[in-house]
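**Q** The following block contains a protein sequence and its predicted model.
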Amino acid sequence: MSYSNYEQKIVLNGFILSGVQNVDGNYGINENPVRVAGVGFVDALIEAPLEGNFTISRDMVSRDPLIETDSLGRYTYDEDYVSGVILYDNDNKGFGFTKGRVSRYSVSCSAGEVPTINTDIRVFGELGQYVLSEKTILINTSFANYPFNGDYVYFTDLNGNVLDQGQNLKTEWDAGTLTIDDDQYATLSETSRLVENGDVLGLGKNAFEIDSSYQNVIVNDHPPIQFPDQSSISIDVDDFNLDAISDFSYSRAINMTPIYAIPKGTESDWNNGSLATHKNLEPIQVDTQYPIETDINFTMIVDEYEIRQIKDRIQSAPKSNVVINIRDAKTDNFINAFTGHNVRLISESINASIEGEMSISLTYKGYDTYHNPVT
Amino acid sequence: MSTPFLRFEDGKVTIGSKDLLVRSANLSISPDLQVERVYGKLNKDLLGASTDFVKFAPTGGVRGQLEISFLINSDTFSEGNTNNISRLFEIAEGMSERPIHTNVVGRYAFNHMYLRSFGFTMSPFQLINATAKYDIYGSIEKTVDKRFVYTEKNFAHGLKSFGEMKASAVSADTMAGRFEITNLSYSIMVDRKIHSHIRDNEHTSINTKATGALPYRVSVESIEAEMAIEANEMVDSLNSYGDYQYSNAAKGLNDSSINAYLYSLEGDQIAKFSCKGKIQSQSMSVSEGSHAKSNIIVRQIIK
């Protein structure tokens, strides 16, 4: 079965996103080939934790629900995790994550277009199917050996071994009352097996089925739909008056360092033959590397503006505040604003061609800090 | 057909007849030579005697070292007892002083080897890499290069192995609120002493082989273990005895300990290592672009 382009929903932090044009989700594991003397290549083994990336491209058709600021005016996504899921198959299936961090946020627009928002999310830890869902593991009633004609029913392990744990599960299995949690399910082999001449059933994953529901993933009301156009977008710069703007882009790149720790357990875990109590498969901390660089670029049709003398600029190195205001074209209600505080003009370029009007592009760069804002 | 230079894939490393999964090996053998100079003829320019080189004189037997970096596999240590490392890496109180024979590194074989140190490092999501260092007495012999087929492939890995620290028997989490270890390394070292009997090596027959004179006994003088961790917190209230003094009594506090529990990637238990003693040192460092890291070392005197 395939899923058409109108059958998916993209949910971030409990909001269904509107205006989504494209979503790319991927995850990967780094392997390192192991070589030993006298043998050569032995195996390729995991050497880094699982990480994923999501890239979401959308048209700005409402206030961006991802944009939230704290009491100090800092974007919360700089430090907070975001969760999300791509829902499909009537919201019965999903590809989700719980610990994502925005690694790049950008907005761009040209005259005659709706602004585009691109969001890159770096995902740590849990990622994939059933993540964020309410999952129930049920007995697969269509399984061939349900109920079982033999005498003993046990669980299997990942290697397919039938684990005689001293407790015969046949009564619960036949009665349909056998329950199993996520951790136990994860340790089962993919398929069930019969041993001891068919007298013992080892339950694998195919003896169960998973019922998942994403009903409670969407917990926030979507902001009202609003459309900006070129008449409702304005850019303010502190130190001069702008001529007509033909395009702009705004982006923030957030570098981060995940910190991983070795699993944490005790001697009793060892004595019990079990694994560590805290497996530490996810980073215990993700540090944002400050400063966060903000890049603002816009192109003006030349009218009043003249390129400044570079020697003056180098000596004074002035800083400005650049504010991009985006409003609803119909009601003039505010939609989104993107501000570069104390950004510095780092480059100017002029373009003249036979195909259009003369234009000047200005590029500003600013730095957002954790403490003590740049002045 | 054998190539002039030994290929990595063709040069197995065997210690005590056991093939190890070695990632790197460094074998060195050298004689112990002393330069002998004497006063020579009269040098009129100097108005005195010049010194003349006479010969290199051996002052001891041929001696070497082997350092290996290897993978800990489920069959590396003694079978049937996950907490008992085999004699190849045995450093424990009452350990055997007998040498390890039948050792091969690539195209060279040798005997009379003694373990000097053993250690490993555990990091998140990384293979556990072990190191061992041996002293060798006697010379080496040429042999043919060999490969081997391993039966077990179940390596100790940081994904499922874990560690814990107790400061004066107090759980590190209790001490620090939340204690996370980002790196753990274990090392155990033995200090040995060579004993050579007078006249044992005087018979001319010892010169019929390159190995020459060998020590009569290589005794174990001292054994010390050390476990170092990189973590998020230091041990506060560290007193002059190397204990975590969590009460008003400095006496009667238990030793601190760091334990490492080695599991394979498949989740099988491989070995447990402990270091129980005093907090030898601790430090904290923080640098640009990184977070604060503490280093804590617990040292145990076994012998």
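**A** Looks like it came in fine. Residues are numbered from 1 along each chain as shown, chains lettered A, B, ... in the order given.

**Q** how about residue A:318, what does it touch?
**A** A:239, A:344, A:345 (Cβ atoms under 8 Å, 6 or more residues apart in numbering or on different chains). Bear in mind the C-beta positions are built from the backbone N, C-alpha and C, glycine included.

**Q** Just the buried positions in the helix or strand hosting residue B:41, please.
**A** Secondary structure assigned from DSSP states H and E places residue B:41 in strand B:22-43. Of all the residues in strand B:22-43, those buried under the rule 16 or more other Cβ atoms under 10 Å in any protein chain shown are B:22, B:23, B:25, B:27, B:29.

**Q** again, but for stretch B:233-249
**A** Buried-residue list, stretch B:233-249, by 16+ other Cβ under 10 Å: B:233, B:234, B:235, B:238, B:242, B:243, B:244, B:245, B:246.

**Q** and if you look at stretch A:254-272?
**A** Going by 16+ other Cβ under 10 Å, stretch A:254-272 has these buried residues: A:254, A:256, A:258-266, A:269-270.

**Q** how many other residues sit next to residue 215?
**A** Went with chain A since none was named. Counted by other Cβ atoms under 10 Å in any protein chain shown, the residues lying close to residue A:215 total 9.

**Q** wait, chain B
**A** Residue B:215: 23 neighbours (other Cβ under 10 Å).

**Q** Give me the phi and psi for it.
**A** Here is the backbone geometry of residue B:215 (degrees, to the nearest 10): phi -70, psi 150.

**Q** any idea how far it is from chain A?
**A** 29 Å (Cβ to the nearest Cβ, to the nearest Å).

**Q** and that residue, what is it in contact with?
**A** Per Cβ under 8 Å, 6+ apart, neighbours of residue B:215: B:61, B:137, B:194, B:195, B:196.

**Q** The second one and residue B:212 touch, don't they?
**A** What it means is residue B:137. No - if you go by Cβ atoms under 8 Å, residue B:137 and residue B:212 don't touch, sitting 9.5 Å apart.

**Q** what touches both of the two?
**A** B:61, B:62.

**Q** I figured residue B:63 was touching residue B:28, is that so?
**A** No - in this structure, residue B:63 is not within contact of residue B:28 by Cβ under 8 Å, at 9.4 Å.

**Q** where exactly do the helices run in the chain?
**A** Going with chain A. A:170-175, A:182-186, A:267-271, A:310-316 (DSSP state H).

**Q** Chain B is the one I meant
**A** With DSSP H as the criterion, chain B has helices spanning B:172-176.

**Q** looking at it, which residue lies furthest from center?
**A** residue B:44 (55.6 Å; Cα atoms, centre = their mean).

**Q** Please identify which residue in the stretch 1-150 of chain A comes closest to chain B.
**A** Chain B sits closest to residue A:38 of the stretch 1-150 of chain A, with a gap of 2.5 Å, by Cβ to the nearest Cβ.

**Q** Report how many residues lie close to that residue.
**A** 25.

**Q** ditto for residue B:115
**A** Residue B:115 - counted by other Cβ under 10 Å - has 26 other residues nearby.

**Q** If we ignore the residues flanking it in sequence, what's nearest it?
**A** residue B:134 (5.6 Å; Cβ to Cβ, 6 or more residues apart in numbering or on different chains).

**Q** And the one you found, how close does it get to chain A?
**A** To chain A, residue B:134 is 16 Å away according to Cβ to the nearest Cβ.

**Q** So that residue sits against residue B:99, correct?
**A** No - if you go by Cβ under 8 Å, residue B:134 and residue B:99 don't touch, sitting 9.7 Å apart.

**Q** Now list whatever residues contact both of those two.
**A** What both residue B:134 and residue B:99 touch, as defined by Cβ under 8 Å, 6+ apart, is the set B:113, B:114.

**Q** Around chain B, pick out the residues from chain A.
**A** A:32, A:34-40, A:42-43, A:45-49, A:158-159, A:257, A:259-267, A:269-270, A:273, A:275-276, A:279-280, A:284-285, A:287, A:289 (Cβ under 8 Å from any Cβ of the partner chain).

**Q** Kindly reformat the buried residues of stretch A:254-272 as a markdown table containing distance to residue B:254 and pLDDT.
**A** Formatted as a markdown table, the buried residues of stretch A:254-272 follow (distance: Cβ to Cβ, whole Å; pLDDT from 0 to 100):
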| residue | distance to residue B:254 | pLDDT |
| --- | --- | --- |
| A:254 | 46 | 95 |
| A:256 | 40 | 94 |
| A:258 | 35 | 94 |
| A:259 | 30 | 94 |
| A:260 | 30 | 94 |
| A:261 | 25 | 94 |
| A:262 | 24 | 94 |
| A:263 | 24 | 94 |
| A:264 | 21 | 92 |
| A:265 | 20 | 91 |
| A:266 | 16 | 90 |
| A:269 | 21 | 89 |
| A:270 | 19 | 89 |
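
**Q** Check these and tell me the two furthest apart.
**A** A:254 and A:270 (40.0 Å; Cβ to Cβ).

**Q** before we move on, back to that, touching chain A at all, the strand holding residue B:41?
**A** Yes - remark: strand B:22-43 sits within contact range of chain A at B:22, B:23, B:24, B:25, by Cβ under 8 Å from any Cβ.

**Q** Check those residues and tell me the two furthest apart.
**A** Maximum distance among the residues of strand B:22-43 next to chain A (Cβ to Cβ): 8.5 Å, for B:23 and B:25.

**Q** Give me the common contacts of these two.
**A** Joint contacts of residue B:23 and residue B:25 (Cβ under 8 Å, 6+ apart) are A:37, B:69.

**Q** With that, I have no additional questions.
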